[in-house]
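# Structure, please.
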Amino acid sequence: MPADWSDLRVFLTLAREGSLTAAARQLDVSHPTVARRIKALEDQIGARLFDRLPDRFVLTSAGEELLTDVKAMDRAAESIHRRSAGLTDTVHGTVRLSADEAIADFVARHLPRIRHGRKCVEIELVASHQLANLSRREADLLIRQDVPDMAGIFTRKLGRTVHAVYARPDLLPADLAPDSLRTLPWVGFDEAHIYMPGQRWMMAMLDGIRPVVRVNNWLLLREAARTGTGLAVLPCFMGDADPTLRRLGPPIEEAHTEQWLLVHRDLRVLPRIRGVMDAIVALFQAERPVIEGRGPALASAAE
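Here you go, the predicted model:
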């Protein structure tokens with residue numbers, strides 16, 4: 001009897017994750033369920049698929065051979081899932097968009113514009129640093145500052161976002177010299193997110209002084225700046241839109257990012273996804289002065 005696909009999915013997940021706990025978390029089942037399904041699959045196939053080590057599960061030679069075929073089955077299942085979207089009413093339905101929280105916040109402010117003329121389309125907006133898998137339809141559209149090395153992905157450049165220093169008016173320094181800026185409290189990202197735009201510039205400027213508060217996302221960083229906790233590097237489209245904040249100086253030259261819209265090639269022709277894509281491209285084009293920090297006048301210490 002051929003192996004059940006649901007058991008093979010458990011096998012594939014365990015092979016990818018390497019532990020029962022991680023596989024159970026991915027599959028949203030219990031730890032014993034994973035172990036039981038793997039044992040049943042091994043009994044059915046008549047071969048041991050994993051060596052059980054103290055800290056992980058390692059594929060045996062039989063498991064390696066099976067993995068090749070199961071990966072091919074998984075790719076085929078993903079393709080069927082994607083293409084099935086085109087077999088239904090493609091004008092109606094849901095479009096799931098994933099972006100980091102700063103871009104998601106920007107998009108959320110303009111949802112009426114995106115949905116104009118598309119009332120039959122529902123939008124799921126997900127704020128996440130994690131790269132959703134377009135092949136598995138964890139998202140239909142991604143907005144990211146880097147183009148990942150993923151097969152079957154269509155990309156469209158949206159524009160360049162810039163970043164600058166922001167603070168509440170009562171925290172504005174006497175001048176913008178580094179010596180003056182270093183005397184003030186700063187808020188920034190934690191060590192795990194030091195790759196965020198402007199963070200390395202800030203750390204170099206502070207010359208070893210750590211931010212007094214460290215967070216893990218842009219919305220928390222903006223809120224900390226709004227409350228007067230300290231100065232912060234923020235995207236200009238986020239900082240300029242906040243009436244409680246003032247921008248200090250021009251955008252930071254080395255703190256800019258290119259934003260890209262990503263979609264799987266199997267989905268980009270669907271009318272509902274194509275329509276949302278066109279609306280997002282139009283939004284970024286219309287708001288180009290905002291995302292490039294060419295909106296309001298710069299704050300000065302004399303204000």
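
# immediately after the lowest-mean-pLDDT helix or strand in the chain, which helix or strand?
Scoring the helices and strands of the chain by mean pLDDT, DSSP states H and E places helix 61-84 at the bottom, with a mean of 75. Moving toward the C-terminus from helix 61-84, the first helix or strand encountered (DSSP states H and E) is strand 93-99.

# what distance separates that following strand from the middle of the whole chain?
Per C-alpha atoms, centre = their mean, to the nearest Å, the displacement of strand 93-99 from the mean C-alpha position of its chain is 13 Å.

# cool, stretch 248-257 as well?
For stretch 248-257, the gap between its own C-alpha mean and the chain's C-alpha mean amounts to 22 Å (C-alpha atoms, centre = their mean).

# And for stretch 236-250?
Distance of stretch 236-250 from its chain centroid, counting by C-alpha atoms, centre = their mean, is 23 Å.

# Report the mean per-residue pLDDT for it.
If you average the pLDDT over stretch 236-250, you get 94.

# Okay, buried residues for that stretch please.
In terms of neighbour count (16 or more other C-beta atoms under 10 Å), stretch 236-250 has its buried residues at 236-242, 245-248. (C-beta placed from N, C-alpha, C; glycine too.)

# again with stretch 4-23
Taking 16+ other C-beta under 10 Å as the basis for neighbour counts, the residues of stretch 4-23 that come out buried are 7-15, 17-18, 20, 22-23.

# Now tabulate those residues in TSV and tack on pLDDT, secondary structure and distance to His256.
As requested, the buried residues of stretch 4-23 are exported to TSV (pLDDT from 0 to 100; DSSP: H, G, I helix; E, B strand; the rest coil; distance: C-beta to C-beta, whole Å):
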residue	pLDDT	secondary structure	distance to His256
Asp7	83	helix	49
Leu8	87	helix	45
Arg9	85	helix	42
Val10	88	helix	44
Phe11	87	helix	45
Leu12	87	helix	40
Thr13	88	helix	39
Leu14	90	helix	42
Ala15	89	helix	40
Glu17	89	helix	36
Gly18	85	coil	38
Leu20	87	helix	44
Ala22	89	helix	36
Ala23	88	helix	40
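
# now, among those, which is nearest to Asp55?
Closest approach between these and Asp55, by C-beta to C-beta: Gly18, at 8.7 Å.

# just checking, that closest one touches Phe57?
Yes - under the criterion of C-beta atoms under 8 Å, Gly18 is in contact with Phe57, at a separation of 5.9 Å.
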